[in-house]
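In: would you be able to build a 3D model of this:
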Amino acid sequence: MKRKLTKSRTNVILTGTLGGIAEYFGIDATIVRIIFVLITFGAAFSPILLYIIMALIIPSGRSNSRRDDYGHENPYYRSNSYGSQKKERKEAEKVDDDDWSDF
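Out: Coordinates of the predicted model:
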């Protein structure tokens, strides 16, 4: 089977581009990210433009059947974490600011 360079579905930090490159070459994504950061600082931040271009050009690794599952295999991804934790609001205590008897 022929390998294809795609964005990663599991190693997603910003766009999954560096994770996809790591999966394509069969190495750890952390190593690819550290190398990219070192090259970025060494080359006066010019690889940032390269990263943006790669993020636009490299196709997504997700399937076309469900478009809302991007990053669902990432252990740090929590789907709908804010909507499920509804807390009741406390009522504010009324303050009587019109009391000038102290002066």
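
In: the helices in this protein, which residues?
Out: Ranges of helices in the chain, per DSSP state H, are 17-25, 29-42, 47-57.

In: tell me the most buried of these?
Out: Looking across the helices of the chain with neighbours counted as mean count of other C-beta atoms under 10 Å, the highest average goes to helix 17-25: a mean of 21. In this view, the C-beta of every residue, glycine as well, is placed from N, C-alpha and C.

In: check which helices and strands that one is in contact with.
Out: Helices and strands touching helix 17-25, by 3 or more C-beta pairs under 8 Å, 6 or more residues apart in numbering; DSSP states H and E, are helix 29-42, helix 47-57.

In: need the contact partners of it.
Out: 3, 5-8, 10-13, 28-29, 31-33, 36, 51, 54-55, 58, 61 (C-beta atoms under 8 Å, 6 or more residues apart in numbering).

In: rerun that using 6 Å as the cut-off
Out: Residues outside helix 17-25 that contact it (C-beta atoms under 6 Å, 6 or more residues apart in numbering) are 5-8, 11, 29, 32-33, 36, 54-55, 58.

In: just name the closest of those to residue 46, please.
Out: Residue 46 has its nearest neighbour among those in residue 36, at 12.1 Å by C-beta to C-beta.
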